[in-house]
Structures are given as C-alpha cells and as structure tokens.
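[1] how does the following fold in three dimensions:
(2 chains)
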Amino acid sequence: QKEVEQDPGPLSVPEGAIVSLNCTYSNSAFQYFMWYRQYSRKGPELLMYTYSSGNKEDGRFTAQVDKSSKYISLFIRDSQPSDSATYLCAMSQNQAGTALIFGKGTTLSVSS
Amino acid sequence: DVKVTQSSRYLVKRTGEKVFLECVQDMDHENMFWYRQDPGLGLRLIYFSYDVKMKEKGDIPEGYSVSREKKERFSLILESASTNQTSMYLCASSFSDRVETQYFGPGTRLLVL
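    Prediction:
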C-alpha cells in the first residue's frame, strides 16, 4: 500500500460548482498536511496547510483533516476557470528535517 | 518574493552524456530538494540536502548524484544519461523548521535521446 493515495482524475466541473479533492494515507505518524496547486508548465505552490486534525478555511478553499480515518480533503467553493490546475496533497511527520510525501495529484478542469 | 531558479527550462541530451541541472534559491533556505515528476507517478524525491555539503537519498537516487557547495545552490548530476531519465525535474527549497512550505522552481523538462 502506498503511503499516500490520491485519485488522479481528471475531474471536470462547471464554473460555480463545489469541488472535493481527497487523499488517504497509511502512516499514522503524519502530523502536517498540505495542499499544493500546480498550474500547467509551472512548479507547485503551497495553497494551504493544516497541523493535526480539524478544518482550515481560506477564502473559497477549506482543508479538512480526519486523522482517525487517515483522510484529508480540500473543498473549493464557487469554482472558477482559474482554479483549473493539478492539486497535490502532501504530508510530513514533523516540521523540521524530513521531506514531504506527495500524492500523485488530481487534475481539475473548471469550464466557464 | 522568494525565488527558486533553475538553469534551463528545456534540455535535450544524448544517451551517455553527463548532465548538470542547477538550482539557485535566494531566501537563505537550509533545505533544498530535487524531484522528478512523471505522468501517473507524481512527484518523486531524488535527493535532498539540509545543509551545505550534506545530502540524503530520497526515493529514487539511482543514476543521480548531487552537489551542494554553497547554501544557495544545489546541483543534480546525471552521470550517464539514459532514456528513462527523460522527465520534468523540479527543485525546491525550504527553511529547516518550515518543511511544510516548500518553494518550487519552474522545472526543467529533460529529453534524453
């Protein structure tokens, strides 16, 4: 079983839809959970991160972590064509010294 | 603004050539990383460095080596390029106590013929 599983999609939605992106993981030691966004022909950039369990909201984006189920989600409300990108989840056991474990990424397309 | 730059956006090399990919960051980050990204396989860590002259193997170090002589610069070396090393190579950097925030360069798309 891979450490981090993420459905690659592609996911196609109309503008204004609510999008749900998900990852599951197997290592219960993960404490830091990140979502990176990668536009075509660009490097990934950090979108949101959460420590331990709970929700975090930033504008139209909400990140959720359920450690009991080893499941994380990213919700995008009122999706826009500019949200079309690949979304990668990433996880880490601690804040210092260790590399991130990335999911394979989900490609999202929002049509106007 | 944090900047991570990579020496080339596109590179075409022949099988057996020695290839150098350079990465420079301007934020005084302790950590630097090299990944390759392939369709269906995602981002895979090749090597990372947490200090000058220090390096750690990632998930797929075979066929690669790295060099970090200065804090701002991290080089990836393909000693003898092979066609299965055709890929997108991404460099990233972060502070040692903020590993969740990695800053990525634009990537180098390498084609080995």
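[2] going forward, measure contacts and count neighbours with C-alpha atoms only.
    Noted.
[3] tally of neighbours for B:Leu43?
    Using other Cα atoms under 10 Å in any protein chain shown, B:Leu43 is surrounded by 21 other residues.
[4] let me fix that: B:Val12
    Using other Cα under 10 Å, the number of residues around B:Val12 comes to 11.
[5] could you give the bridge partners of it?
    B:Leu111 (DSSP bridges).
[6] and stretch A:39-53, which residues are buried?
    Across stretch A:39-53, burial judged by 16 or more other Cα atoms under 10 Å in any protein chain shown covers A:43-51, A:53.
[7] same check on stretch B:51-67?
    Across stretch B:51-67, burial judged by 16+ other Cα under 10 Å covers B:51-52, B:55, B:58, B:61, B:64-67.
[8] what parts of chain A come near chain B?
    Counting by Cα under 8 Å from any Cα of the partner chain, the positions of chain A adjacent to chain B are A:8, A:32-34, A:41-46, A:49, A:91-92, A:95-100, A:102-105.
[9] nearest spatial neighbour of the closest residue to chain A within chain B, chain-adjacent residues omitted?
    For chain B and chain A, the shortest gap (Cα to the nearest Cα) falls at B:Gly42, measuring 4.0 Å. Spatially, and ignoring its direct neighbours in sequence, B:Gly42 is nearest to A:Lys104 (4.0 Å; Cα to Cα, 6 or more residues apart in numbering or on different chains).
[10] average model confidence for stretch B:4-14?
    Here stretch B:4-14 scores 95 as its mean pLDDT.
[11] list the buried residues in it.
    Buried, per 16+ other Cα under 10 Å, within stretch B:4-14: B:4-7, B:13.
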